[in-house]
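Q: can you look at this prediction? I've put the sequence above it.
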Amino acid sequence: MPLSNDTTSTIQTAPIPTPTYGPSGSFTVLAKTFIPHATPATVLSAIRDTKTWSQWNGFTPLFTFKSSLSPESTSQSTPESRTGDSDPALVTGKPGWLDLGSEGDMTVFMNGDGLVEGSKKSREQGMIITVLEPLTTPLASSQDSAQNQTRKKGYRIAWKSVGYAKWQLHSERVTELVEVDEGSEGRKGTEYVCWETFGGVLAPVVRLAVGGTLRERFGEYAEGLRGFCGEGTGKGVESFEGAH
């Protein structure tokens with residue numbers, strides 16, 4: 001699938017730090033796009049609501065919660081709550097939504113679009129949500145010094161993979177969603193930046209074997225999210241605009 005002019009994906013040999021593993025790592029897969037006509041809260045809701053993944057996410061279209069954190073048990077035992085009355089976008093306890101600490105398995109399609117009938121999955125990848133927060137700190141993806149960074153309005157969500165010992169292979173995927181509002185004559189929407197940094201003794205093997213494929217899939221994920229949230233193809237996406 002060709003990417004739009006607003007979407008790029010690359011392999012970074014200088015790894016970008018992640019919340020859990022810091023600056024350690026071997027390489028990073030990085031994807032960026034601009035999502036027009038969508039707020040960071042709207043984009044975050046699409047990422048968190050795993051029920052929508054089958055509409056736009058050809059890379060990992062299915063998510064299965066662990067038994068202790070399944071959508072059914074969450075909806076029955078935990079009423080919806082908010083991490084803060086001032087930010088409805090960070091509501092917790094919604095059935096099928098990723099919360100801080102949520103754990104489960106993503107169905108991964110490395111060799112084709114998982115939304116196309118007949119595509120064969122590659123594996124089930126375990127993951128845990130490690131970060132879900134407003135952007136109250138400088139952007140971790142920025143190349144500027146901390147002193148020169150300005151605080152941005154938006155959100156950050158991250159998850160780490162599970163299944164290997166840390167020394168063997170570890171990775172963490174971070175997504176930052178930043179509001180763009182350049183006035184009545186400029187762009188309005190959300191800047192999406194997502195990276196996954198891989199480390200451990202097996203990381204160079206992963207890069208050699210599937211680095212190029214990961215780069216392609218990260219770009220397609222960004223493009224699918226862009227279309228779903230910003231171009232009217234995903235009318236079911238929940239927006240928090242005006243929810244205060």
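A: Perfect, thanks for sending it. Numbers count the residues shown, from 1 in each chain.

Q: all helices of this structure, in order?
A: 40-48, 53-56, 71-77, 203-230 (DSSP state H).

Q: nearest to residue 157, out of those helices?
A: helix 40-48 (6.2 Å; CB to CB). Every residue, glycine included, has its C-beta placed from N, CA and C.

Q: which elements pack onto the closest one?
A: Applying 3 or more CB pairs under 8 Å, 6 or more residues apart in numbering; DSSP states H and E, we find helix 40-48 packed against strand 154-162, strand 170-181, strand 188-199, helix 203-230.

Q: ok now it, how far from the chain's centre?
A: Helix 40-48 sits 9 Å away from the centroid of its parent chain (CA atoms, centre = their mean, to the nearest Å).

Q: please apply the same query to stretch 203-210.
A: 21 Å.

Q: residues in contact with that stretch?
A: Stretch 203-210 is contacted by residues 11, 25-27, 110, 169, 171, 198 when judged by CB atoms under 8 Å, 6 or more residues apart in numbering.

Q: how about a cut-off of 10 Å?
A: For stretch 203-210, the external contacting residues (CB atoms under 10 Å, 6 or more residues apart in numbering) are 11, 13, 15, 25-29, 110-111, 122, 168-171, 197-198, 200, 202, 211, 214, 216-217.

Q: just put the helices of the chain in a markdown table and tack on mean neighbour count and distance to residue 2.
A: Shown next, in a markdown table, are the helices of the chain (neighbours: other CB atoms under 10 Å; distance: least, CB to CB, whole Å):
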| stretch | mean neighbour count | distance to residue 2 |
| --- | --- | --- |
| helix 40-48 | 24 | 22 |
| helix 53-56 | 19 | 17 |
| helix 71-77 | 14 | 35 |
| helix 203-230 | 20 | 9 |
